[in-house]
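> One predicted model, sequence on top.
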Amino acid sequence: MKYKNLVLCGLAIFFSANAIAQRRDLYTLESPYERYTYNLATLKWVAAVPMGSITDGYVDKASFGNYAFSLEWVFRQMPVSGGIEAGKYYFEQRYPRATYKMGNNDVSAVKTSTFSTVPLTAFAKYHFLGTNAQLSPYVQVNLGAHFNNYIDYFGSLADQKRKTTFGFAGAAGLKYFFKKDGSFGLDLSVRYDQNTFKYEYIQNGFSAFSGSAGLFYRWW
Amino acid sequence: MKKQIGFFSALVVGMALFGCSKDPLSDLTYEETQVFFTNRDTQADFKTYKTFSIVDSVYIISNQGEGTSLSETDAAVITRMIHNMQELGYKYVGPDDKPDVGLTLELVDNRYLNLVQVPVGGYWGGYWGGYGGWGMGMPSYFTYQQVQELYWIVNMLDFKNPDTTNQKLKVIWNAQIRGEGLYQTALMSNMVDQLFKQAPYLKIN
């Protein structure tokens, strides 16, 4: 009797499991992230290396305290997304006391050269494996304005130039969703930024190569 | 609506991040903040000068009155200037001994007291309900800022070739020191040495 009950229980579990599996096959609704255009916010920490004329006696040291924030609309059933991005790059380098020529003056000072730029740009992304793949490589282009602030401190005296210029960037990256169809994920990217700022040491626009690691959240 | 609130609050949080900036000079010592300017008359041949004299006190140029000063700090500057000139080969003589060049020493000390009103005149948060819509009134004397402009000026005058027609003495060397800690006695020797160090053309020996 005991043995018969056990067999019946086993059969019951087998068929019910089968029925659930069949029901799943019949009712496969796509994730909302496939069906709707959704929002995606990313906060990134950025390490950057300055490039071009800024490195000729101004700043050639990498900087690790940069960040970026973006808001993005991911279009449904298309491999593309677009959005807006703001960030901040800050570079700084200290030079020991040296004598500089300024006009007819010889000026001796400890120099602290700083350059910061706040890029405010619009961007478009192309996702090679679609926007909802758990591991989603992409390429990106940014166009917009860079709010530049050049301050070359001689001791405590500043030679400052603030200027808003045109800026653009190109990037390649990888998005990884912690869970399939989940909301949170990791974003890794490399990027090149360029603008048209010109002043003193920076003669052909500011440029930088950067790598970033960020976290994103999406909602619809 | 809820969606839009989420979107815009994310935007606000993101933008708030970009207000932060650090002070790149916070770690500078007094010496490191100091900037030394020197300028020379390119026509002057310093090798033709042999003797020098220096003022016996520092002339204070200030928006609160002018006058001379000979504090311990001022004396330290004068003594160090003499030392440096002698090192460069010049002979120190009295003012009546017809020096070839004369050194003047001035300290510019302007102080401004600017009354500035706190820039939040309008809204105070509405915490106390009974005063809805009221503004804030703030007397201007609640806050002020003081600005001090302090720097040293050194001039070398050419007594050997005076412009008798216009009754002028030509300045053949000018130096300025700006920055922080400009009236700290302990720093004076190094400050004066730096001025002469960056002017090797003054050397005549």
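Sure, I can see it.
> all contacts plus neighbour counts: C-alpha atoms, from now on.
Fine.
> Can you give me the distance of the spatially most central residue of chain A to chain B?
By Cα atoms, centre = their mean, chain A has its centre lying nearest to A:Lys44, at 5.2 Å. Separation of A:Lys44 from chain B (Cα to the nearest Cα, to the nearest Å): 11 Å.
> same thing with A:Met102?
Separation of A:Met102 from chain B (Cα to the nearest Cα): 9 Å.
> Pull the number of nearby residues for that residue.
10 (other Cα atoms under 10 Å in any protein chain shown).
> what is it paired to in the beta sheet?
With DSSP bridges as the criterion, A:Met102 is bridged to A:Asn105.
> repeat for A:Pro50
Taking DSSP bridges as the rule, A:Pro50 bridges to A:Ala208.
> What of A:Leu120?
When bridges are called by DSSP bridges, A:Leu120 pairs up with A:Ala86, A:Ala145.
> list the contacts for it?
A:84-87, A:144-147 (Cα atoms under 8 Å, 6 or more residues apart in numbering or on different chains).
> among those, who's most crowded?
Neighbour count (other Cα under 10 Å) singles out A:His146 as the most crowded of the contacts of A:Leu120, with 26 neighbours.
> and A:Arg97, what helix or strand is that in?
A:Arg97 belongs to strand A:80-102 when assigned by DSSP states H and E.
> Pull out the buried residues from that strand.
Across strand A:80-102, burial judged by 16 or more other Cα atoms under 10 Å in any protein chain shown covers A:80-94, A:97, A:99.
> A:Lys175 belongs to a strand?
Yes. Assigned with DSSP: H, G, I helix; E, B strand; the rest coil, A:Lys175 falls within a strand.
> from memory it sits against A:Leu188, does it?
Yes. Shown here, A:Lys175 and A:Leu188 form a contact pair, counting by Cα atoms under 8 Å, at 6.6 Å.
> who's more crowded, these two?
For A:Lys175 versus A:Leu188, the count of surrounding residues by other Cα under 10 Å is larger for A:Lys175: 22 against 18.
> got a list of what the residue of chain A found nearest chain B touches?
Nearest residue of chain A to chain B (Cα to the nearest Cα) works out as A:Gly155 at 3.9 Å. Listed by Cα under 8 Å, 6+ apart, the contact set of A:Gly155 reads A:109-112, B:32-35, B:179.
> so of those residues, which ones are in strands?
Of these, the ones assigned to strands by DSSP state E are A:109-112, B:35.
> Widest-spaced pair of those residues?
Pairwise distances across the ones in strands among the contacts of A:Gly155 peak at 12.3 Å for A:Thr112 and B:Val35 (criterion: Cα to Cα).
> More neighbours: these two, which one.
Between A:Thr112 and B:Val35, B:Val35 has the larger neighbour count (other Cα under 10 Å), namely 26 against 23.
> Show me what the more buried one bridges to in the sheet.
Under the criterion used (DSSP bridges), B:Val35 bridges to B:Arg178.
> dump the residue contacts of the closest residue to B:Thr68 other than its chain neighbours.
Nearest non-adjacent residue to B:Thr68, counting by Cα to Cα, 6 or more residues apart in numbering or on different chains: B:Tyr59, 4.5 Å away. Contacts for B:Tyr59 (Cα under 8 Å, 6+ apart) come out as B:66-69, B:105-107.
> tell me which of these is nearest to B:Asp23?
B:Leu107 (28.4 Å).
> Tell me the secondary structure at the closest one.
Here B:Leu107 is recorded as strand under three-state DSSP.
> Just the pLDDT for it.
On pLDDT, B:Leu107 comes in at 93.
> what's the neighbour count on it?
With other Cα under 10 Å as criterion, B:Leu107 counts 23.
> Report the separation between the residue nearest to B:Thr68 and chain A.
23 Å.
> can you pull up the bridge partners for that residue?
Beta-bridge partners of B:Tyr59, counted by DSSP bridges, are B:Thr68, B:Glu106.
> B:Ala76: what's it in contact with?
Each residue near B:Ala76 by Cα under 8 Å, 6+ apart is listed here: B:185, B:188-189.
> Skipping adjacent residues, who's closest to the residue in chain B that chain A sits nearest to in space?
Closest contact between chain B and chain A, by Cα to the nearest Cα, is at B:Thr33 (3.9 Å). Excluding the flanking residues, the one nearest B:Thr33 by Cα to Cα, 6+ apart is A:Gly155, at 3.9 Å.
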